[in-house]
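>>> Quick one, what's the 3D model for this:
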Amino acid sequence: MSRIFLIALVFILVLILGIGFTALNAAPVTLDYFLGRMETTLPWVMLFALAGGFALGLVVAGLALFGARRDARRLRKQLRALEAEVTNLRNLPIRNAHQ
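I've put the predicted structure just below:
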């Protein structure tokens, strides 16, 4: 119960800070980008930058996870082959053991 309370408290604090930031920075800013320009407020620019960074981070993490899963699948297949080889070697009769 205390963990949920702590998460809710942090969320409320971040929300209050965001509202305060928005209220203090309500002046319009001009955003120049490749295809034109746009006039908006600073909190919107920062929100879109944060969302874009979050989306880019998800893509990069997804690609890394995809590669790790591919490697894990390859290694599991290699492990099964090596385990089968060890089992086959253990089952072979020992020749010339008493010489």
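
>>> center of this structure, which residue is that?
Ala61 (3.7 Å; C-alpha atoms, centre = their mean).

>>> Return the distance of the helix or strand that one falls within from the chain's centre.
Ala61 belongs to helix 42-91 when assigned by DSSP states H and E. On the basis of C-alpha atoms, centre = their mean, to the nearest Å, helix 42-91 sits 10 Å off its chain's mean C-alpha point.

>>> and what of stretch 5-15?
23 Å.

>>> Just the endpoints, please. Distance across stretch 15-35?
Stretch 15-35 has an end-to-end distance of 33 Å (C-alpha to C-alpha, to the nearest Å).

>>> Now that stretch: average pLDDT?
Averaged over stretch 15-35, pLDDT sits at 88.

>>> got a list of contacts for that stretch?
37-43, 45 (C-beta atoms under 8 Å, 6 or more residues apart in numbering). Any C-beta I mention is one placed from the backbone N, CA and C, and that applies to glycine too.

>>> Just flag the most distant two among the residues you listed.
Greatest spatial distance in the contacts of stretch 15-35: Arg37 and Pro43, 18.2 Å, computed using C-beta to C-beta.

>>> more crowded one of these two?
For Arg37 versus Pro43, neighbours defined as other C-beta atoms under 10 Å are more numerous around Pro43 (17 against 8).

>>> lowest-confidence helix or strand of the protein?
When the helices and strands of the chain are scored by mean pLDDT, DSSP states H and E, strand 28-33 comes last with a mean of 88.
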